[in-house]
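1. Here's a sequence, model it:
(one chain, ligands or ions: 1)
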Amino acid sequence: MGVLVRPESMERITTRALAEAYIAEQIADIKNQVGDRKVLLALSGGVDSSVVAALLIKAIGQNLICVHVNHGLLRKGEPEQVIEVFRNQMNANLIYVDAADRFLDKLAGVADPETKRHIIGEEFIDVFAEEARKLDGVDFLAQGTIWPDILESEAGIKAHHNAGGLPEDIASRFELVEPVRILFKDEVREVGRALGLPDSMVDRQPFPGPGLGVRCPGAITRDRLEAVRESDAIVREEFAKNGLAGKVWQYFTVVPDFKSTGVKNGQRTFDWPCIIRAINTTDVMEVTVEHLPAELMDHLVQRIIAEVPGINRVLYDFTPKPPATVEYE
Ligand code: XMP
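-> Numbering: from 1, shown residues only. Predicted coordinates for the structure are as follows:
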């Protein structure tokens, strides 16, 4: 399975029936590969790892051990949704690790974007490796590698996260299970829907590995991070209410590390601005800006100012890519 390539003749999975056929085939392959042995999976709650989890639960049930690491930089409600969907609804064997304090302590005072990314990546591997070392008799590691990951690593664009960059003592213990390896993203979503995952999980907008950390530019503080998380939740809720959730590629907020003066209830305030960004793209190399209806824009300003502590100004980012990247770090 590890060397499987997508056959050129493979039909694109665009219907429920094709997705169901793929699922049946994968379940048989997984049972064949794994037998009654155990599989470990880092379950972020993103589309790829969620679909891999759902497939493996169908194939091997409790012999799949999912580890969900909350690094404290997830969006509002995400860890709760992972627990609800996988532990409560699908009866998965799920280990939930609340590592938020550990990550935020390591990140305290670190302002350089690349250093922040590096710390988050390293810490994630450390936490996952610690959990893996506690487990006996696990022979397989499942990964949500998808076909574009393989193509990009072959083209030298990005390193394929083979065995997730795990230390050798852990990586060498495992054989890989990659049941969505030959699928494109839209096919992974189709398979996820056929597996019964909720739309909010299957149609999720892209979310960077370092999470809200890159939307809290400079040194992350807990209060500013909360302002990012709360304002993001408001934007997501309003996009969903206004029928934009499935239409706009990516939408989120950023709370930069500077303050400006304002006035509230006759008192001077000195608080952060909140920047809203909403973009469309097909390949994320070139990005255009979504122009929101004026009433929605006004409503977002009112809600964010009223509901998010520490914000006294709301701005909209009208910059395409290039010249600006999607994320701020
Ligand atoms: P940029 O900021 O490079 O973002 O224009 C392009 C797309 O990639 C996402 N992104 C990431 N995704 N890990 C990820 O998995 C990351 O570190 C990361 N950085 C950016 C970004 O959200 C956008 O969709």
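
2. helices or strands up against the longest helix belonging to the chain?
-> Secondary structure of the chain per DSSP state H: the longest helix is helix 113-134. Under the contact definition 3 or more Cβ pairs under 8 Å, 6 or more residues apart in numbering; DSSP states H and E, helix 113-134 sits against strand 64-70, strand 93-98, helix 100-107, helix 168-171. Bear in mind the C-beta positions are built from the backbone N, C-alpha and C, glycine included.

3. so that helix versus helix 100-107, what angle?
-> Here helix 113-134 runs at an angle of 140 degrees relative to helix 100-107 (axes from the mean of the first three to the mean of the last three Cα atoms, to 10 degrees).

4. Measure how the helix or strand following helix 113-134 sits relative to helix 113-134, angle-wise.
-> Scanning forward in sequence from helix 113-134 by DSSP states H and E, the next helix or strand is strand 138-142. If you take the same axes, to 10 degrees, strand 138-142 sits at 150 degrees to helix 113-134.

5. What strands flank strand 138-142, and is each parallel or antiparallel?
-> In the sheet, strand 138-142 lines up against strand 38-42 (parallel), strand 175-177 (parallel) (DSSP bridges).

6. Of the ones you listed, flag the one that's most buried.
-> strand 38-42 (a mean of 23; mean count of other Cβ atoms under 10 Å).

7. Can you show me the CA trace of that strand as PDB?
-> Presented in PDB, the C-alpha positions along strand 38-42 are these (Å, rounded to 0.1, in the frame of the first residue of the first chain):
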ATOM      1  CA  LYS A  38      -3.300  -1.800  16.100                       C
ATOM      2  CA  VAL A  39      -3.000   1.500  14.200                       C
ATOM      3  CA  LEU A  40      -2.100   5.000  15.500                       C
ATOM      4  CA  LEU A  41      -3.400   8.200  14.000                       C
ATOM      5  CA  ALA A  42      -2.800  11.900  14.700                       C
END
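
8. ok now that strand, how far from the chain's centre?
-> 18 Å (Cα atoms, centre = their mean, to the nearest Å).

9. cool, stretch 132-146 as well?
-> 19 Å.

10. Between the two ends of that stretch, how far is it?
-> 23 Å (Cα to Cα, to the nearest Å).

11. Which positions in it come out as buried?
-> Across stretch 132-146, burial judged by 16 or more other Cβ atoms under 10 Å covers 132, 140-146.

12. Flag every buried residue along the longest helix of the chain.
-> 113, 116-117, 119-120, 123-129, 131-132.
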